[in-house]
Each structure stands twice: as structure tokens, then as C-alpha cells.
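J.: Model the following, please.
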Amino acid sequence: MLSAEEALGRLQEGNQRFVADVQDTTHQKAASTNKQRRNELLMGQTPFAIVLGCSDSRVPAELVFDQGLGDLFVIRVAGNIVSPSQVGSVEFAADRFGTPLVVVLGHSCCGAVSATIEELLSETKAGAGNLRSIVDRIRPSVEPLMETELRHNHDALMDQAVRANVRSSVNHLRHGSEILERLIQDKKLLIVGAEYSLETGVVDFFDIPVE
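T.: Numbers count the residues shown, from 1 in each chain. Reported below is the predicted structural model:
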């Protein structure tokens, strides 16, 4: 198994290939090799990174990071929010498979974040039913920004809100689970934030702990 730092480097290199539109030929991605790879994975999986990302169809983690079958344990939910089911999924992969890296992947122009901002600006409820649960989880990370001058600059507000929401999810994972806290303390797990640019395809990693 790779170290967390090696796993992060592999994702960064994969994203660079994605942006350059050059696939890694060492990954078994061709149709002729998919069956072989599937057969290899029948005995189990050892994903080297966990990605908690947004459900947005424009941000498929395996493509964005140029990875193949069995490489990533991907959890997708609108707004890359963290609820008990997401925490449990991360715990499962980190504890069961020894996966050393978790990436919370937000993206520019996130619809869930935009809906939250619209609600805060208009002071009317955005969405109904279960959609409320998503907005309600994003809201606490965005509300402080509304007390700043960003309130008058929608594009800048949106940029900062996306990052604030990612940081909130990262913080929740780092401090909302005994299992994950133990793995972090034992230097077996690293949790970082990242933002994917819909415009450029670049993933910018941030909120990386400094030892």
C-alpha cells in the first residue's frame, strides 16, 4: 500500500495527465484488459485513496484523476457534504482496506453551494423535502462569509463558499469519528481538501496538514 504522501502524488500526477489529455498507458484501461483487471479484483480491493466528492456529473473522480478499476474508493453526494452515512463509508474503507488518503473534492460552480447562497441572500427557503438536508449542512460554512464584503461580489463569494464547504467536510471527518481520529493519530490516515475547476480541469489541493 502506498503512503498518504505517495497516494496524493499519484492523484496529482493523474490530474496533470487528465488536463493534458494524456492517459497513463500503464493502467489497464483498454477494453481488451478490462476483463483481466476485473478478474484480479474478484479476490478483493485495495484502493489507494478515498474520494468524497460531489454528485455533479461533470466531476467523475476516476476520470479527473486518470485512475482505473480498483484504484479509488469513491463516495459521491450533492455538495460533497458529510453525514453519518458518508462518515461510515470513509471509516469502512480506511479501516478495512488500510487506505491512507481521503480527499474531499469540491468543484467550481457547485449547484448545492449556489442554492445555499441564494437562500441566504433572499432569506427564503431553497428547495423542499430532503433537499433541505443538503442545504442545511452547507449553510453553517457559508453564513460567516455573508457578514463580509464578499456579500457584494457574487463570484468571489461563490469561490470562497466552495472552499469553506470543503473545509467544513474535512474538519467533520477529522474530528467526527473515533475511528478516523485514531488512524490520523497513528499516522495511518491523511485527510485533505481539494477543488476541481470545471473551466480548466485542474484539481487544486489545499487544507493539507503540516507536520
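J.: Distance check, the closest residue to Ser83 other than its chain neighbours against Leu189.
T.: Leaving aside its chain neighbours, Ser83 sits nearest to Arg137 (6.8 Å; criterion: C-beta to C-beta, 6 or more residues apart in numbering). In short, each C-beta sits where N, CA and C put it, glycine included. Distance of Arg137 to Leu189, given as C-beta to C-beta, to the nearest Å: 23 Å.
J.: and these two? which has more neighbours close in?
T.: More crowded of Arg137 and Leu189, by other C-beta atoms under 10 Å: Leu189, with 24 against 21.
J.: Who are the contact partners of Glu143?
T.: Applying C-beta atoms under 8 Å, 6 or more residues apart in numbering to Glu143 gives the contacts Leu120.
J.: bridging residues for Ala194?
T.: Leu105, Phe205 (DSSP bridges).
J.: Could you check the pLDDT of it?
T.: Ala194 is assigned a pLDDT of 98 by the prediction.
J.: Was I right to think it contacts Val103?
T.: Yes - here Ala194 reaches Val103: they are 5.2 Å apart, a contact under C-beta atoms under 8 Å.
J.: Now list whatever residues contact both of these two.
T.: Phe205.
J.: Confirm Ile191 sits in a helix?
T.: No - counting by DSSP: H, G, I helix; E, B strand; the rest coil, Ile191 falls outside a helix, being strand.
J.: The residue nearest to Ser83 and Val82 touch, don't they?
T.: Yes - counting by C-beta under 8 Å, Arg137 touches Val82, with 7.4 Å between them.
J.: Identify the contacts common to the two.
T.: Common neighbours of Arg137 and Val82 (C-beta under 8 Å, 6+ apart) do not exist.
J.: before we move on, back to that, okay, buried residues for the helix or strand encompassing the residue nearest to Ser83 please.
T.: Using DSSP states H and E, Arg137 sits in helix 131-142. By 16 or more other C-beta atoms under 10 Å, the buried positions in helix 131-142 come out as Ile134, Val135, Arg137, Ile138, Arg139, Ser141, Val142.
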